[in-house]
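S.K.: the sequence isn't on hand, but the structure is:
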């Protein structure tokens, strides 16, 4: 397998890069997209700074070395140099701060949301409550992964679909809809994190955190608890299924019908 990977990288670097992605995902929400764009902006700024600084260092080391007869400068202070190396970093920092501030303001703006989803973290599962529709359920690791993860289970985990990343009840959300997510916990600190949806928020007992998502593309997006919440922390996945609005409201109707049937 390793030999195949090396051959793939030599023959087709693009294909190898696609198989081994090292950058953060762009995501499918406005917040994830702006986070990606900000990440790439800061990355390119640091690349340019690194090239200039290390380029100047290498040039000085090679062409101004002692063996060529160069002698070190004897000046002690230079007001002009001090102004330059103060003003330039200041301009760079302001250039970084403006888009970063815009991104933070956007991420915290939960106004005008159409749906409110309350998420409560438990050891080791999640409870989801759709406040407008009075729909509520628990979501935990799926039984197949839960059995396979145990010692001496005899199950080949490579044959388990989405091993440790599947749940028994997925979160269903509509696309092109601003959804406000309220986060809290019942026992210890958890953290709700789905990379493609952007952002990560702590779920803290006795406190309500909030974030929002507006998923632009239908699909299934997987995440996990990103806070060390106990011995089974690694078995607390999150699965969000984004569907068109009409499918979402059909799903809500089915959940309400099932709730009524159970009550009867």
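M.R.: Structure received. Because the structure is a prediction, the values reported are computed rather than measured.

S.K.: for this structure, what spans make up the helices?
M.R.: 2-11, 13-19, 30-63, 79-108, 143-148, 245-263 (DSSP state H).

S.K.: relative to residue 118, which of these is closest?
M.R.: Comparing the helices of the chain against residue 118 with CB to CB, the closest turns out to be helix 245-263 (14.9 Å). Any C-beta I mention is one placed from the backbone N, CA and C, and that applies to glycine too.

S.K.: which stretches of this structure have low pLDDT?
M.R.: 1-20, 259-264 (pLDDT under 70).

S.K.: quick revisit: highest average neighbour count across the helices of the chain?
M.R.: helix 143-148 (a mean of 16; mean count of other CB atoms under 10 Å).

S.K.: residues contacting that helix, please?
M.R.: The contact list for helix 143-148 (CB atoms under 8 Å, 6 or more residues apart in numbering) reads 153, 155-157, 160-166, 168, 235.

S.K.: of those, which belong to strands?
M.R.: Assigned to strands by DSSP state E, none of the contacts of helix 143-148 qualify.

S.K.: tell me the most packed of those residues, by neighbour count.
M.R.: Highest neighbour count within those, by other CB atoms under 10 Å: residue 166, with 19 neighbours.

S.K.: quick check: closest non-adjacent residue to that residue.
M.R.: residue 142 (4.1 Å; CB to CB, 6 or more residues apart in numbering).

S.K.: need the contact list for that neighbour.
M.R.: 166-168.

S.K.: can you check residue 184 too?
M.R.: Neighbours of residue 184 in contact, by CB under 8 Å, 6+ apart: 118-121, 203-209.

S.K.: how near is the residue nearest to the spatial centre of the chain to residue 251?
M.R.: For the chain, the residue nearest the mean C-alpha position is residue 195 (2.9 Å; CA atoms, centre = their mean). According to CB to CB, to the nearest Å, residue 195 and residue 251 sit 24 Å apart.

S.K.: report the beta-bridge partners for the closest residue in space to residue 115 that isn't next to it in sequence.
M.R.: Closest residue to residue 115 apart from its sequence neighbours, by CB to CB, 6+ apart: residue 179 at 4.7 Å. Residues in a beta bridge with residue 179, per DSSP bridges, are residue 115, residue 213.

S.K.: surely residue 179 touches residue 197?
M.R.: No - using CB atoms under 8 Å, residue 179 is not in contact with residue 197, being 9.7 Å away.

S.K.: more neighbours: which of the two?
M.R.: residue 197 (27 against 23).

S.K.: contact partners for that one?
M.R.: So residue 197 contacts 27-29, 31-32, 213, 215, 221, 223, 240 (CB under 8 Å, 6+ apart).

S.K.: check residue 42 too.
M.R.: Counting by CB under 8 Å, 6+ apart, residue 42 has contacts residue 96.

S.K.: look up how far residue 99 lies from it.
M.R.: 9 Å.

S.K.: ok, now residue 149?
M.R.: Distance from residue 149 to residue 99, by CB to CB: 42 Å.

S.K.: same check, this time on residue 228
M.R.: With CB to CB as the criterion, residue 228 and residue 99 are 32 Å apart.

S.K.: now do residue 112
M.R.: Counting by CB to CB - residue 112 and residue 99 are separated by 23 Å.

S.K.: now residue 161
M.R.: For residue 161 relative to residue 99 (CB to CB), the value is 40 Å.

S.K.: give the contact list for the closest residue to residue 198 other than its chain neighbours.
M.R.: Nearest non-adjacent residue to residue 198, counting by CB to CB, 6+ apart: residue 32, 2.9 Å away. Contact analysis of residue 32 by CB under 8 Å, 6+ apart lists 25-26, 195-199.

S.K.: which residue sits farthest out from the middle of this protein?
M.R.: The chain, farthest from centre, CA atoms, centre = their mean: residue 69 at 53.9 Å.

S.K.: and that residue, how far from residue 75?
M.R.: 19 Å.

S.K.: next one: residue 110
M.R.: For residue 110, the distance to residue 75 - CB to CB - is 56 Å.
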